[in-house]
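Student: Model the structure of this input:
(chains A and B)
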Amino acid sequence: MKFYQPTTLKQALKVLANEDDARCLAGGATLVAMMNANLLAPSALVSLSAVKGLAGITRRKNGSVTIGAMTRHQAVADTAALDGGQRLVREAAALIGHPAIRNMGTIGGSISHADPAADYPTALVTANATVTIENSRAKREIDAQNFFTGYLETALEPGDIVVAVSIPAGVAGAGSAYEKFARVQGDFATVSAGVVLALEKGVCRHARIAVGGCAATPIRVAAAEAKLVGSRLQDSAVAAAGVLLAAACDPIDDFRGSSEYRLMILPTILARAVSKARVRAETVS
Amino acid sequence: MQIAETFAVAAPIERVWRFITDPATVAPCVPGCQSYEVLTATSYKATIQIALGPIKTNFNVIVDLTKAEPPTYLASTARGEEGGKASTLTAKSELRLLANGPGATTVSYASEVALVGRLGKFGLGMMKKKAKSIGEEFAVAFRTRVEAETASQGGTAGEVLSADNAQAGA
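Tutor: Numbers count the residues shown, from 1 in each chain, chains lettered A, B, ... in the order given. Below is the predicted model of the structure:
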């Protein structure tokens, strides 16, 4: 196996374009573990750790926040840049694994691996984030919702690198929350839910919801969001949204919980996220 | 893990039976099937490529037909390995055909699959979903193949096929 450590994105993209079956090495939190488990044996590793300009968090004048692909989870968890409707992204980052993992793993690596029980995919779909992808020929942007395509599958093509994730400012006065249920602290989600809400005099004016760990990708259901908009977020409206979301899910059975169990707790996890996001939206407005 | 699937084919049960017991018609319908070899009248060897995200591997599988009651019941066992025995799988399967009138057949199968080794340790829940999606892809490919042949021979079965297609396209 060959090992490359380019210092510019251009060099990295060139190596990826020329090497068959090469993989990017970001933080290594997942890739190295999978290599150790003899699940992967790439022909070459392209380390992104020395590539300039891939890490860091930038808040633009329009309120959108861009997170470089090599930004560690802990840096996202600690940033003051993510606020209001974006806050759940930092909340999700703070719940990924343990301190050692958060200081190692990167946002680009996590979303490229696309484990449906991971925290970032659900939070980024909820926050309507955009993923910026580059290869040796072109650069493109894709909505987080369309980036995740299946179990460990994304819109990435051979030769692509995720270079950044951008989170729009979103609706003014919004509050957001990310809630996850895991068997033990630091585990992947059994079920997770991201919620962004905006209120006006106690009435919900905007709602965006995604649930994780319940299908191959984060699940959004327009009809579930519509149940909240116009409501006062009373228990019955939130429960109705939970039922609609559960109906659209198709969870796996594994040691984190059976499919039935996940569907059963989903409405409760959603209600917790709605309740948190609501308090935050009320504080803002 | 248990995998079960039921699908309808717009063709007479005898024809479905003939297709589903002939490796030459079944193999091209199996997603990822790279090659197959007939060992004996009741034993086949196949190489099947499986991909789960970044993991891509070839399973070498031997299938033995253990019991056949034409045209309604077929039992088989399968054993296979990938990556130089890094993972091994064994499966016991039962296939049932049910005639739904002269030109329609319901195919159902149930498999008990055991996967041991590196793939068994990793994301078994996802593997189960993967197996299910492979089963669904097989069903579509198999149905298309049998019905295309049935349609080209004309007759009532062809009419059933077009009605079925119209529904699928709706």
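Student: OK, now which residue of the stretch 51-200 of chain A is nearest to chain B?
Tutor: Residue nearest to chain B within the stretch 51-200 of chain A: residue A:152 (2.4 Å; CB to the nearest CB). Bear in mind the C-beta positions are built from the backbone N, C-alpha and C, glycine included.
Student: gap between that residue and residue A:196?
Tutor: 26 Å (CB to CB, to the nearest Å).
Student: out of the two, which sits in the more crowded spot?
Tutor: residue A:196 (29 against 21; other CB atoms under 10 Å in any protein chain shown).
Student: how about the more buried one, secondary structure?
Tutor: At residue A:196 the chain is in strand, as set by DSSP: H, G, I helix; E, B strand; the rest coil.
Student: re earlier: tell me the pLDDT of the residue of the stretch 51-200 of chain A closest to chain B.
Tutor: For residue A:152, the pLDDT comes out at 94.
Student: Just the helices from chain B, written as ranges.
Tutor: When assigned using DSSP state H, the helices of chain B occupy the ranges B:13-20, B:23-26, B:118-121, B:124-152, B:156-169.
Student: who wins for proximity to residue B:7 among the ones you listed?
Tutor: Residue B:7 sits nearest to helix B:124-152 of all those, at 4.0 Å, using CB to CB.
Student: The residue of the stretch 51-200 of chain A closest to chain B touches residue B:129, doesn't it?
Tutor: No. Residue A:152 is beyond contact range of residue B:129, at 10.9 Å (criterion: CB atoms under 8 Å).
Student: tell me the most buried of the helices of chain B?
Tutor: helix B:13-20 (a mean of 19; mean count of other CB atoms under 10 Å in any protein chain shown).
Student: How many neighbouring residues does residue 83 have?
Tutor: You didn't pick a chain, so chain A it is. Around residue A:83 there are 19 other residues, counting by other CB under 10 Å.
Student: Wait, chain B was what I had in mind.
Tutor: Counted with other CB under 10 Å, residues neighbouring residue B:83 total 17.
Student: Also residue A:257?
Tutor: As a burial measure, residue A:257 scores 22 neighbours (other CB under 10 Å).
Student: Quick check: it touching residue A:190?
Tutor: Yes. Counting by CB under 8 Å, residue A:190 is a contact partner of residue A:257 at 4.6 Å.
Student: Chain A against chain B: which residues are in contact?
Tutor: Within reach of chain B by CB under 8 Å from any CB of the partner chain, chain A has these residues: A:23, A:34, A:37-40, A:113-114, A:151-153, A:216, A:250, A:252-254, A:256.
Student: Let's see which of those end up in helices.
Tutor: A:34, A:113.
Student: On the C-terminal side of the least confident helix or strand in chain A by mean pLDDT, identify the next helix or strand.
Tutor: Least confident helix or strand, chain A: helix A:31-36 with a mean of 92, by mean pLDDT, DSSP states H and E. Downstream of helix A:31-36, the next assigned helix or strand under DSSP states H and E is strand A:44-47.
Student: What residues does residue B:38 make contact with?
Tutor: Listed by CB atoms under 8 Å, 6 or more residues apart in numbering or on different chains, the contact partners of residue B:38 are B:23, B:44.
Student: That one bridge partners, please.
Tutor: With DSSP bridges applied, residue B:38 shows beta-bridge pairing to residue B:44.
Student: Could I get the pLDDT score of it?
Tutor: Reading off the model, residue B:38 has pLDDT 96.
Student: doesn't residue B:69 make contact with residue B:97?
Tutor: No. Judged on CB under 8 Å, residue B:97 makes no contact with residue B:69 at a distance of 9.9 Å.
Student: who has more neighbours, these two?
Tutor: A direct count of neighbours by other CB under 10 Å for residue B:97 and residue B:69 places residue B:97 higher, at 21 against 10.
Student: Quick check: pLDDT value at the more buried one.
Tutor: Per-residue pLDDT puts residue B:97 at 97.
Student: ok, now residue A:279?
Tutor: Per the predicted model, pLDDT is 96 at residue A:279.
Student: hang on, the earlier thing: could you list every residue that touches the residue of the stretch 51-200 of chain A closest to chain B?
Tutor: Counting by CB under 8 Å, 6+ apart, residue A:152 makes contact with A:113-115, B:52-55, B:123, B:126.
Student: and if you look at residue A:265?
Tutor: Contacts for residue A:265 (CB under 8 Å, 6+ apart) come out as A:181, A:190-191, A:257.
Student: Chain neighbours aside, what residue packs nearest to the residue in chain B positioned nearest to chain A?
Tutor: Residue nearest to chain A within chain B (CB to the nearest CB): residue B:53, separated by 2.4 Å. Spatial nearest neighbour of residue B:53, chain neighbours left out: residue A:152 (2.4 Å); criterion: CB to CB, 6 or more residues apart in numbering or on different chains.
Student: mind checking how far the one you found is from residue B:94?
Tutor: Applying CB to CB, the value for residue A:152 to residue B:94 is 31 Å.
Student: on that earlier part again, Serialize the contacts of residue A:152 to TSV and add fields for pLDDT and distance to residue B:31.
Tutor: Below are the contacts of residue A:152 laid out as TSV (pLDDT from 0 to 100; distance: CB to CB, whole Å):
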residue	pLDDT	distance to residue B:31
A:113	96	23
A:114	96	21
A:115	94	23
B:52	85	13
B:53	84	16
B:54	87	18
B:55	87	16
B:123	73	19
B:126	87	16
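Student: Just the closest of these to residue A:136, please.
Tutor: Of those, the one sitting nearest to residue A:136 (CB to CB) turns out to be residue B:54, at 20.2 Å.
Student: what about that closest one, how many residues close to it?
Tutor: Other residues near residue B:54 come to 18 when the count uses other CB under 10 Å.
Student: ok, it touching residue A:34?
Tutor: Yes. Assessed by CB under 8 Å, residue B:54 is found in contact with residue A:34 at 7.4 Å.
Student: Can you work out which residues contact both of the two?
Tutor: residue A:40.
Student: Tell me the spacing between the most centrally placed residue in chain B and residue B:30.
Tutor: Geometric centre of chain B, nearest residue: residue B:138, 5.4 Å, by CA atoms, centre = their mean. Distance of residue B:138 to residue B:30, computed by CB to CB: 6 Å.
Student: Sort out which residues of the longest helix along chain A are buried, please.
Tutor: Longest helix of chain A, by residue count under DSSP H: helix A:259-284. Buried residues in helix A:259-284, counting neighbours by 16 or more other CB atoms under 10 Å in any protein chain shown, are found at A:259, A:262-263, A:265-278, A:280-281, A:284.
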